[in-house]
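S.K.: Sequence first, then the predicted structure, then my questions.
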Amino acid sequence: MRTHLRSLILATIAAVGLCNVAAAGNIIVNTIDSSFVGPQRWFESDMRGNGTASIVSLIGLGGNLENNAPLPTGSALLTTGADNGDKAEVAVTDTWGTASAIFPSLDVGYSYYKDSTGDLNAFAAPAIKLSFLGTHPTDGFVTLVYEPTWNQPGNEGSSVAVPTDDWTTVSIDGDTGLFWSTGGFGQPNTAGGPPLLTLNQWLGTFDSEFMAAELVSVSVGVGTFNQGQTGYFDNVTIGTDAGSMNYNFEVGAVVPEPSTFALLGIGSLALIGYGWRRKRRLAA
């Protein structure tokens with residue numbers, strides 16, 4: 001799957017080039033594409049087994065899920081079934097800048113909600129992931145993964161159960177938040193666990209080529225071996241000196257298909273014609 005994501009990222013770079021993204025402000029996301037369409041569009045980057053991804057309305061659901069939501073009135077939803085192979089991950093691609101340029105000012109954040117209903121893994125929750133692409137003699141691609149289980153206040157660095165049934169908002173910068181690495185730039189895959197380092201610590205741990213690696217993908221997902229998950233997320237923020245993007249997931253308004261508009265137009269014209277003919281008959 002790393003090869004799959006890497007190929008998508010290469011396609012993104014071909015489309016937008018290697019340059020810092022401009023400030024974009026608040027972006028409403030109404031659709032998660034089933035496959036990669038282009039940069040700045042969220043898509044299903046790694047779906048396996050019974051994993052699902054969707055955008056849902058929180059109106060009427062009540063409790064903390066609706067009342068404490070960071071942004072009204074919808075959110076993204078990720079679910080997995082009871083199989084260890086299930087996975088649900090969505091991503092957005094772009095070119096936000098090189099690690100050396102953006103880490104001093106990088107601000108990454110999101111809000112997540114872990115539902116206790118049907119939960120089969122107390123340590124699982126939607127994780128946020130940053131993928132970097134550059135040049136290296138052996139492997140110039142790496143994903144850094146922030147998992148809530150390793151980042152609970154007072155227990156940072158220890159894997160503990162993730163609180164359920166309320167929203168948690170996370171704010172990450174170069175020195176806040178612990179990530180594990182999928183391997184690259186001279187470091188092995190840490191397979192979901194230690195070493196757990198901040199972004200600036202990883203900057204000093206990878207080979208020097210990582211300094212010029214571009215942040216090209218941000219994803220949120222529930223990985224394999226995380227069964228029975230119902231996880232919501234929203235309010236994804238990616239901020240650098242060049243600007244800040246905030247993604248707000250909302251259910252879009254239902255718009256009739258073009259054929260529907262055509263039928264409505266035909267029907268309206270027919271009614272108008274009928275009324276005109278009837279008026280002529282009455283006048284006669």
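M.R.: The structure has been received and is ready for your questions. Numbers count the residues shown, from 1 in each chain.
S.K.: Could you use CA atoms for every contact and neighbour count after this?
M.R.: Fine.
S.K.: Correct me if wrong: Pro39 contacts Asp94.
M.R.: Yes. Here Pro39 lies in contact with Asp94, judged by CA atoms under 8 Å, at a distance of 5.3 Å.
S.K.: More neighbours: which of these two?
M.R.: Asp94 (24 against 21; other CA atoms under 10 Å).
S.K.: That one is in contact with Glu214, isn't it?
M.R.: No. With contact defined as CA under 8 Å, Asp94 does not reach Glu214; the gap is 9.4 Å.
S.K.: Skipping adjacent residues, who's closest to Val29 in space?
M.R.: Phe249 (4.7 Å; CA to CA, 6 or more residues apart in numbering).
S.K.: How many residues are close by that neighbour?
M.R.: Phe249: 27 neighbours (other CA under 10 Å).
S.K.: Ala124 too?
M.R.: Ala124 has 26 nearby residues by other CA under 10 Å.
S.K.: Just confirm Asn189 contacts Pro195, I think it does.
M.R.: No. Using CA under 8 Å, Asn189 is not in contact with Pro195; the gap is 9.8 Å.
S.K.: which regions of the stretch 51-200 of the chain sit below the pLDDT cut-off?
M.R.: Within the stretch 51-200 of the chain, no range satisfies pLDDT under 70.
S.K.: any idea where the helices of it begin and end?
M.R.: For the stretch 51-200 of the chain, the helices defined by DSSP state H, counting those that start in this stretch cover 63-67, 99-102, 199-205.
S.K.: Give me the distance from the first one to the chain's centre.
M.R.: Its chain's average C-alpha position is 21 Å from that of helix 63-67, according to CA atoms, centre = their mean, to the nearest Å.
S.K.: which residues sit in contact with Gly252?
M.R.: 30-31 (CA atoms under 8 Å, 6 or more residues apart in numbering).
S.K.: ok, 7 Å please
M.R.: Shown in contact with Gly252 (CA atoms under 7 Å, 6 or more residues apart in numbering): Asn30.
S.K.: ok, it to Glu156 distance?
M.R.: Separation of Gly252 from Glu156 (CA to CA, to the nearest Å) stands at 38 Å.
S.K.: again with Glu250
M.R.: 32 Å.
S.K.: which one of the two has more residues nearby?
M.R.: Using other CA under 10 Å, the more surrounded residue of Glu250 and Glu156 is Glu250, with 21 against 15.
S.K.: Isn't the more buried one up against Leu71?
M.R.: No. Between Glu250 and Leu71 there is no contact under CA atoms under 7 Å: 9.0 Å.
S.K.: got the contact list for Ile102?
M.R.: If a contact means CA under 7 Å, 6+ apart, then Ile102 has Thr240 as its contacts.
S.K.: same thing but 8 Å
M.R.: 96, 240-241.
S.K.: same check, this time on Gln40
M.R.: By CA under 8 Å, 6+ apart, the contact set of Gln40 is 92-94.
S.K.: I'd like the distance between it and Ile28.
M.R.: Taking CA to CA, one finds Gln40 at 11 Å from Ile28.
S.K.: Please report the residue range of the longest strand in this structure.
M.R.: strand 230-240 (DSSP state E).
S.K.: so the next helix or strand after it versus strand 230-240, what angle?
M.R.: Next along the chain after strand 230-240, taking DSSP states H and E as the criterion, comes strand 243-249. Angle, strand 243-249 to strand 230-240, by axes from the mean of the first three to the mean of the last three CA atoms, to 10 degrees: 160 degrees.
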